Every structure is written in C-alpha cells, then in structure tokens.
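Chemist: here's my sequence, what's the structure:
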Amino acid sequence: MERAKPYEDYPAWIILTANLFSIATWLAGAFIIWQALGIWVILYLLFIGYLEVRLLMGHCVDCYYYGKMCANGNGRLSSLFFRKGDPKNFCKRQMGWKDIAPDFMVSVIPMIIGAWILITSFSWLILSLVILFFCAKFSWECICPWLSRVQVLQAEGARVPCGKIVQQEEVI
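Modeler: Numbers count the residues shown, from 1 in each chain. This is a model prediction of the structure:
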C-alpha cells in the first residue's frame, strides 16, 4: 500500500487548490444571498471573515504548522498576526456543536436562501449553484475524486496527531 509522505511545507499547488475551492464556494454562497437579499451579503462575507480570524487565532497558533505552509497556508498567515501558542494544546480542545455550528452556517444559509429563491422564482443558475454548493461542502467525492483518494492514502498510511502527518514508523 502506498504511504502518504508528510510535508514540512505544503506545495503551492495544494495551497492554491484548497484556497481557490474555499473562495469559490464563498463566492457562490455570496451570489445566492445577493440574489435574494442584496446588500445583506456584506454580513455573510463579514461572518466568513470572522470565522477565518477565529480559526487563525484560536487553532492555527497551536498547530504544528504554525509559521509553515500548511495545506491552506494558514500556519504562515497565523504567524504574521498572532503569537505562537503551545502545540500540545492543539488536540486538547474539545469541539462541540456550539463550536462547529457557525462553520455549518456558512453552508446552510446560502442553501436555505437558494431553496427559497427556487420556490419563489425558479432559476437554473441558482439550482446549479445550490447543488454545487451542497456537493462542495458535504461531499469531496462529488467535486474532486482525486483529492478524496489522497485523503484515503493519508488515512491508511499515516496518523494525524496534533496537526502533523507522520509515518506509521514514527508512531510509538
């Protein structure tokens, strides 16, 4: 079985792909909201900004990749704005629904608004965006089968203790 190799700094193509994917889904969500609520889309974009700062400040500072190029570049970005935390704390935090619900809202709000638009005035563009948005947020296999295969290889050949992918031989 092929083993995933750990990266100290992720290659630029992975970082670019991850960020383009995120930005594309945010823009799709923003377009859907703009169609129904106009200027209120600013609140949606500010909410996304808040969640990104929360991630950088609350999680990336404790990550192994702090100051390095992680899969989406946040390790390096976090080091530009926040002091390094303790990597031992990365896996200690317990995540509950109140922690992840805001992240789900970034996806759920445009899908609900998109469904409302489809009910009140059907549009093939909005239908396409809602379907794409749903697939992008809830099923990597729908968008990128190759990326899903990479994740499977990492799961089979590596563990992810506290933010760093390590080979099985390195695990005690």
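Chemist: pick out the residue closest to the middle of the protein.
Modeler: Ser22 (6.4 Å; Cα atoms, centre = their mean).
Chemist: please verify my assumption that that residue contacts Asn74.
Modeler: No - in this structure, Ser22 is not within contact of Asn74 by Cβ atoms under 8 Å, at 10.7 Å. To be clear about C-beta, it is placed using only N, CA and C from the backbone, and glycine gets the same treatment.
Chemist: quick one on the thing from earlier: contact partners for the residue nearest to the centre of the chain?
Modeler: Ser22 makes contact with Asn72, according to Cβ atoms under 8 Å, 6 or more residues apart in numbering.
Chemist: and it, what element?
Modeler: Using DSSP states H and E, Ser22 sits within helix 12-37.
Chemist: now the helix or strand just after that helix against helix 12-37, angle please.
Modeler: Using DSSP H and E, the helix or strand that follows helix 12-37 in sequence is helix 41-58. Counting by axes from the mean of the first three to the mean of the last three Cα atoms, to 10 degrees, helix 41-58 lies at 150 degrees to helix 12-37.
Chemist: what helices or strands is helix 41-58 leaning on?
Modeler: Using 3 or more Cβ pairs under 8 Å, 6 or more residues apart in numbering; DSSP states H and E, the elements in contact with helix 41-58 are helix 12-37, helix 74-81, helix 97-120.
Chemist: distance to Cys63 and mean pLDDT added to those, as JSON lines?
Modeler: Shown next, in JSON lines, are these (distance: least, Cβ to Cβ, whole Å; pLDDT from 0 to 100):
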{"stretch": "helix 12-37", "distance to Cys63": "15", "mean pLDDT": "90"}
{"stretch": "helix 74-81", "distance to Cys63": "6", "mean pLDDT": "90"}
{"stretch": "helix 97-120", "distance to Cys63": "16", "mean pLDDT": "88"}
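Chemist: redo those helices as CSV? Include distance to Gly67.
Modeler: Formatted as CSV, the helices and strands packed on helix 41-58 follow (distance: least, Cβ to Cβ, whole Å):
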stretch, distance to Gly67
helix 12-37, 15
helix 74-81, 4
helix 97-120, 24
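Chemist: wait, which of those is closest to Phe90?
Modeler: helix 74-81 (11.4 Å; Cβ to Cβ).
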